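>>> Just to be clear, the model below is a prediction. Sequence and coordinates:
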Number of protein chains: 2
Amino acid sequence: MTKSKSAKPTQKKSRQPDVTRRNILDAALYEFAAKGLAGARVDEIAARSGSNKRMIYEYFGNKEGLWLTVLENAYTRMREEEHAIDVARMKPEDGMRYLMEFNFKFCSRNPEFIALLNAENLHKASYLKDSKKIRELYTPLLVVITDLLQRGQKDGVFRKGVDPVELYTTIAALGFFYFSNIHTLSTIFGRNLLSPKQQKTRLDHSMEVVLGYLRP
Amino acid sequence: MTKSKSAKPTQKKSRQPDVTRRNILDAALYEFAAKGLAGARVDEIAARSGSNKRMIYEYFGNKEGLWLTVLENAYTRMREEEHAIDVARMKPEDGMRYLMEFNFKFCSRNPEFIALLNAENLHKASYLKDSKKIRELYTPLLVVITDLLQRGQKDGVFRKGVDPVELYTTIAALGFFYFSNIHTLSTIFGRNLLSPKQQKTRLDHSMEVVLGYLRP
DNA sequence: GAATTTCGTAACTGACCGGTTACTTCCCCG
DNA sequence: CGGGGAAGTAACCGGTCAGTTACGAAATTC
C-alpha cells in the first residue's frame, strides 16, 4: 500500500507507516515481555509507541494479532542473527562452541525474547501454531547442526549416533533455562546470577557438558 | 485458629475451613497455571473451588496473596516428593540417575508447576522473594548432590571439580526446559513431544549427557 | 488548491473484574 | 435450645480495559 517513500531522508513528522509500525512493535515487545499477553495494556503500548490505539488496530487488527506479529518478529530476528556467521566453514568443535555461545549470549542480551516464549508456552503455543513463517525458520539450523555432527564424526572428534534435534534441544535448554528462570534461581540459591561472572561460569560449564558428551 | 477438627470422618457440607482452603488452592493452581496471574479470574477460581470469593479474600487477603500461597505450596510439594527416597544411600551413579529421572518425571507429571514458575519469572520472582519458606527448601538438596559428587569422586566414577550448583542447574535445565517449551518446540520441530516415546528419548539423552560429563 | 487519503486525538461504550458488603444460613457450645 | 460466631451467597461498586467512532489536521495526488 504505502511503499514508495523510502528515499526521503528525515521528515519531521507523521506519514511514515513503516516507522510507526516499527515503533508500535517495539513498544509492544517491551510491554508484552514485561507483563504477558493478558497483563499488557493496549493503551500503554500506544502511549509508549508515540502513536495511538487507532493505528494499532489499523495495522494489527487486535491485541492478539499484535501479539502474534511481535512473536514472529522475535523468532525471525534471532534466526537472522544466528545465520550472520557461517558455521558451515568452521571446524566442528569451534562451530559447536559458536552455536552454544551465540545461543547463550542471545538469551542474555534479549530477556524479552525469553519472556515472550514463556508466555506463548503458557498459551500452549496457540498463536504460534497458526503462524506459517515459523516452521520453516528452524530447518536450516538443523541442517547446520547435522552437518557439524557429520564432519566432527568423520574427523573423529565427535561420537556417533547423536540425534541433531536432541542435541539442539540440549543446547537450547542449557542457555534458555538459566535466563528463563534466573530470578527464581537467584532467589533460591541466594546468588545474583545476572552478574557477568556467574554468566561466564555458567557458559563454561555448559560447554564442558556438551563437548564432554560429544567426544567419542 | 481452626485446627481442632481433623478427627471427624466425613461431613456432608460446609464448615470445613481446611477443606475449603484446600479446594480454593487447588482451583487457584489450575486457574493460575492456565492463565497466569493477570489472566486468572478470581470469580473463576471461586466458582471452580465450590466456594466463593468472600472465602478467598478471608483466607488469602487478595489475589496476590493467593498467588504466593499457591507458589509456595507447589515448591514445597516438589521438594517433599523428592525427599521421599533416600538418595544418600544409593550408589553415586544411581543416585544421580534417580535425581534426573525424578526431576524429569515430576515436570512431566506437573505441567502446572512449570507454568507457575514461568509466570513467576515473568514477574522477576517478586512474590517469591518475599517468601521465607522457599530459600531453606533447597539447601538439603544441594547437600545431597554434594554428597553424591564426593562419594562418586572417591569411588573414581565421577570427575573432580564439579560445582554442585552448576550441576543441579544443568539437571534442572534438561528436565524443565523440555516441558516448559514443549508447545513451541513441538510446533517448530513438527513433532509431538508430549508422547511417551519422545519423552523417553529425551530423558535417555539427558542422562547420557550428564553422566557422560561426570565420568572422569 | 481542491479532493482524497492518511494519521492523530479523545471521547465513548459495554463488558468485565477485583474487592466489599449486607444479609442469610449453618454449626457449635453452653 | 438459643445465641453467637463462622461460613456462605449474591448483589453491588468503582475502576479498568479492549475496541470503536467521530472529527479534525496534515499530507499526497492530480
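Perfect, I can see it now.
>>> for chain A, which helix is longest?
The longest helix of chain A (DSSP state H) is helix A:17-39.
>>> same question for the helix or strand just after it, mean pLDDT?
Later in the chain than helix A:17-39, the nearest helix or strand by DSSP states H and E is helix A:42-49. Helix A:42-49 comes out with an average pLDDT of 94.
>>> so after helix A:42-49, what's the next helix or strand?
Beyond helix A:42-49 toward the C-terminal end (DSSP H and E), the next one is helix A:53-60.
>>> what does that following helix contact?
Contacts to helix A:53-60, defined as Cβ atoms under 8 Å, 6 or more residues apart in numbering or on different chains, come from residues A:T20, A:R21, A:I24, A:V42, A:D43, A:I45, A:A46, A:S49, A:L66, A:T69. For glycine as for every other residue, the C-beta is placed from the backbone atoms N, C-alpha and C.
>>> swap the cut-off to 7 Å and go again
A:T20, A:R21, A:I24, A:V42, A:D43, A:I45, A:A46, A:L66, A:T69 (Cβ atoms under 7 Å, 6 or more residues apart in numbering or on different chains).
>>> Counting neighbours, what do you get for the second one?
Read it as A:R21. The number of residues packed near A:R21 is 18, by other Cβ atoms under 10 Å in any protein chain shown.
>>> same deal with the fifth one?
With neighbours defined by other Cβ under 10 Å, the count for A:D43 comes to 12.
>>> Pull up the gap between it and A:E112, please.
Separation of A:D43 from A:E112 (Cβ to Cβ, to the nearest Å): 20 Å.
>>> just A:H83 next, same as before
For A:H83 relative to A:E112 (Cβ to Cβ), the value is 20 Å.
>>> For stretch A:134-143, measure first residue to last.
One end of stretch A:134-143 to the other measures 16 Å (Cα to Cα, to the nearest Å).
>>> Return the set of buried residues in that stretch.
Neighbour-count burial for stretch A:134-143, counted by 16 or more other Cβ atoms under 10 Å in any protein chain shown, picks out A:I134, A:L137, A:Y138, A:L141.
>>> likewise stretch A:125-132?
A:A125, A:Y127, A:L128, A:S131.
>>> before we move on, what about stretch A:93-105?
Quick answer for stretch A:93-105 (16+ other Cβ under 10 Å): A:E93, A:G95, A:M96, A:R97, A:Y98, A:L99, A:M100, A:F102, A:N103, A:F104.
>>> In this structure the fourth one contacts A:V210, no?
When you say that, I think you mean A:R97. No: using Cβ atoms under 7 Å, A:R97 is not in contact with A:V210; the gap is 8.9 Å.
>>> circling back: which pair in the buried residues of stretch A:134-143 spans the largest distance?
A:I134 and A:L141 (12.3 Å; Cβ to Cβ).
>>> just to revisit the earlier point, I'd like the buried residues of stretch A:93-105 as JSON lines, with pLDDT and secondary structure appended.
Below are the buried residues of stretch A:93-105 laid out as JSON lines (pLDDT from 0 to 100; DSSP: H, G, I helix; E, B strand; the rest coil):
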{"residue": "A:E93", "pLDDT": "96", "secondary structure": "helix"}
{"residue": "A:G95", "pLDDT": "96", "secondary structure": "helix"}
{"residue": "A:M96", "pLDDT": "96", "secondary structure": "helix"}
{"residue": "A:R97", "pLDDT": "96", "secondary structure": "helix"}
{"residue": "A:Y98", "pLDDT": "96", "secondary structure": "helix"}
{"residue": "A:L99", "pLDDT": "95", "secondary structure": "helix"}
{"residue": "A:M100", "pLDDT": "96", "secondary structure": "helix"}
{"residue": "A:F102", "pLDDT": "96", "secondary structure": "helix"}
{"residue": "A:N103", "pLDDT": "96", "secondary structure": "helix"}
{"residue": "A:F104", "pLDDT": "97", "secondary structure": "helix"}
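>>> B:T184: which of the residues you listed is nearest?
Using Cβ to Cβ, the buried residues of stretch A:93-105 come closest to B:T184 at A:N103, 14.9 Å.
>>> Quick check: which element contains the nearest residue to that closest one once chain neighbours are set aside?
Leaving aside its chain neighbours, A:N103 sits nearest to A:G175 (4.2 Å; criterion: Cβ to Cβ, 6 or more residues apart in numbering or on different chains). Element membership of A:G175 [criterion: DSSP H and E] is helix A:164-180.
>>> next structured bit after that helix?
Next along from helix A:164-180, by DSSP H and E: helix A:182-189.
>>> That following helix versus helix A:164-180: what angle between them?
70 degrees (axes from the mean of the first three to the mean of the last three Cα atoms, to 10 degrees).
>>> more crowded one of A:H83 and A:E112?
A:E112 (17 against 12).
>>> per-domain residue ranges of chain A.
A:15-61, A:64-214 (automatic domain parsing).
>>> As a markdown table, the ones you listed with distance to DNA strand C would be great.
Converted to a markdown table, the domains of chain A look like this (distance: least, Cβ to the nearest atom of the strand, whole Å):
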| stretch | distance to DNA strand C |
| --- | --- |
| domain A:15-61 | 4 |
| domain A:64-214 | 15 |
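>>> Can you lay out the ones you listed as JSON lines showing distance to B:R77?
Shown next, in JSON lines, are the domains of chain A (distance: least, Cβ to Cβ, whole Å):
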{"stretch": "domain A:15-61", "distance to B:R77": "25"}
{"stretch": "domain A:64-214", "distance to B:R77": "15"}
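>>> and of these, who's closest to DNA strand D?
domain A:15-61 (3.7 Å; Cβ to the nearest atom of the strand).
>>> now that closest one: how far from the chain's centre is it?
Centroid separation for domain A:15-61 versus its chain: 19 Å, with Cα atoms, centre = their mean, to the nearest Å.
>>> Same check on stretch A:80-91?
That offset, for stretch A:80-91, works out to 16 Å (Cα atoms, centre = their mean).
>>> which outside residues touch it?
So stretch A:80-91 is contacted by A:G95, A:Y98, A:L99, A:F102, A:F106, A:L141, A:V144, A:D147, A:L148 (Cβ under 7 Å, 6+ apart).
>>> how about the residues you listed, which pair is most distant?
A:F106 and A:D147 (20.7 Å).
>>> where does chain A dip in pLDDT?
A:1-15 (pLDDT under 70).
>>> ends of stretch A:30-48, how far apart?
9 Å.
>>> nope, stretch A:52-72 is what I was after
By Cα to Cα, one end of stretch A:52-72 lies 22 Å from the other end.
>>> Sounds good, over and out.
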